[in-house]
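Novice: coords please:
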Amino acid sequence: MHVCLARKRIRAKKICRSMGFFDIFSKKKKEKLDSGLAKTKESVFTKISRAIAGKSKVDEEVLDNLEEVLITSDVGVDTTLEIIRRIEERVARDKYVSTSELNNILREEIAALLTENNTDDTEGFNLPSDHKPYIILVVGVNGVGKTTTIGKLAYQFKKAGKQVVLGAADTFRAAAVEQLCIWGERVGVPVVKQQMGSDPASVAYDTVSSAVANGADVVLIDTAGRLHNKVGLMNELTKIRNVIAKVVPDGPDDVMLVLDGSTGQNAFEQAKQFTAATKVTSMAITKLDGTAKGGVVIGISEQFKIPVRYIGLGEGMEDLQAFNRREFVDSLFSNEGK
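Specialist: Purely as a prediction, here's the structure:
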């Protein structure tokens, strides 16, 4: 009996220690999210304060001003109009809504909007365990942080105990191949590459073949970021997908579009171009730290109905976070520190 009680106490202590660890981890993640969105948050709150100045309740003038706030915060016109419509309905239903309640209402309505539009929270850096390798084809224009995002993903997957292989299929830029190789060395994962100017599809084929032969869990393939010729882009990505499917039927598992959040409306345009050129199944939005354009995440999530899986909040290897819509909206519209 005493032995059983002792074991229970030991288990209880282990559980408490485990919970403490996850609490610390969650706190650090929240702090990083808050600091990464600080400029956007400051800009949004400043604009909202001006929008409701001298007003005690949410009326038509406040809604007009709020519409301008959201549009100038890069939420996007269509998404802004939908948010305003929802708030109008709420004001009509509740008869009286004070301006002091506005942040909470925004938080609730935007989170609900994202929930309804196929942007459920991801499960961190976990991947389906029913098959391997899990193949992620990464697309996006040059300069958005595509290769860096691949490196950070490789780091997170390796930290989770996964065997990772990188493929340098952006064979048109020596800098892209070199950068991916540097990330491979930093993270400690192999990079499959060929000579400059090689066929990108050939690199993709070699990468997936190597991953299968070595029992790898995850494959991340970098691609050329060219948008000047949509047909050329479509043909190239189609060819890459076809050769991957020769090695792993139904591959790739994910076509991830990387967008630079600091470019605001340009990110919307890039999303339009790439989703028209190929089937994009997820998005990563980078460079949200140091910019006041973080509202673009809301608009892109809602408009394209494609899950935003990751957000970039800094240069460090730990500064790529799995996107959680509620945490994001809570951080952006929280009154803490204001």
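Novice: my guess is residue 223 contacts residue 238, does it?
Specialist: No: at 11.8 Å, residue 223 and residue 238 do not qualify as touching, with contact defined as CB atoms under 8 Å. Backbone N, C-alpha and C define where each C-beta goes, glycine included.
Novice: more crowded one of the two?
Specialist: When residue 223 and residue 238 are compared for neighbours, residue 223 comes out ahead with 26 against 13, by other CB atoms under 10 Å.
Novice: show me the shaky parts of this protein.
Specialist: 1-26, 117-124, 226-230, 335-338 (pLDDT under 70).
Novice: again, only this time at 50
Specialist: Residue ranges of the chain with pLDDT under 50: 1-10, 12-13, 15-19, 21-22, 24-25, 121, 337-338.
Novice: per the annotation, how does it divide into domains?
Specialist: Here the chain is described, according to automatic domain parsing, as comprising the domains 38-116, 134-326.
Novice: closest to residue 28 out of the ones you listed?
Specialist: Closest approach to residue 28 among those is made by domain 134-326 (8.9 Å; CB to CB).
Novice: quick one: distance of the closest one to the chain centre.
Specialist: Averaged C-alpha coordinates place domain 134-326 at 11 Å from its chain's average position (CA atoms, centre = their mean, to the nearest Å).
Novice: what is the end-to-end distance of it?
Specialist: End-to-end distance for domain 134-326, by CA to CA, to the nearest Å: 27 Å.
Novice: re earlier: and of the domains of the chain, who's closest to residue 125?
Specialist: domain 134-326 (4.3 Å).
Novice: can you give me the helices in the chain?
Specialist: Taking DSSP state H, the helices of the chain run over residues 2-36, 38-51, 60-72, 77-94, 102-116, 146-159, 174-187, 200-213, 230-247, 265-277, 296-304, 325-333.
Novice: what's the most buried one of those helices?
Specialist: With neighbours taken as mean count of other CB atoms under 10 Å, the helices of the chain reach their highest mean count in helix 296-304, at a mean of 24.
Novice: what's the burial count for residue 169?
Specialist: 30.
Novice: now do the contacts for it.
Specialist: Contact analysis of residue 169 by CB atoms under 8 Å, 6 or more residues apart in numbering lists 200, 201, 203, 204, 207, 221, 222, 223, 224, 240.
Novice: how much space separates the second one from residue 273?
Specialist: As for residue 201, its distance to residue 273 is 21 Å (criterion: CB to CB, to the nearest Å).
Novice: the residue nearest to residue 47 when sequence neighbours are not counted: what's it in contact with?
Specialist: Closest residue to residue 47 apart from its sequence neighbours, by CB to CB, 6 or more residues apart in numbering: residue 69 at 4.2 Å. Taking CB under 8 Å, 6+ apart, we find residue 69 in contact with 44, 47, 48, 51.
Novice: picking that back up, make CSV from the helices of the chain and add distance to residue 125 to it.
Specialist: Converted to CSV, those look like this (distance: least, CB to CB, whole Å):
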stretch, distance to residue 125
helix 2-36, 12
helix 38-51, 24
helix 60-72, 31
helix 77-94, 28
helix 102-116, 20
helix 146-159, 4
helix 174-187, 13
helix 200-213, 18
helix 230-247, 22
helix 265-277, 23
helix 296-304, 19
helix 325-333, 15
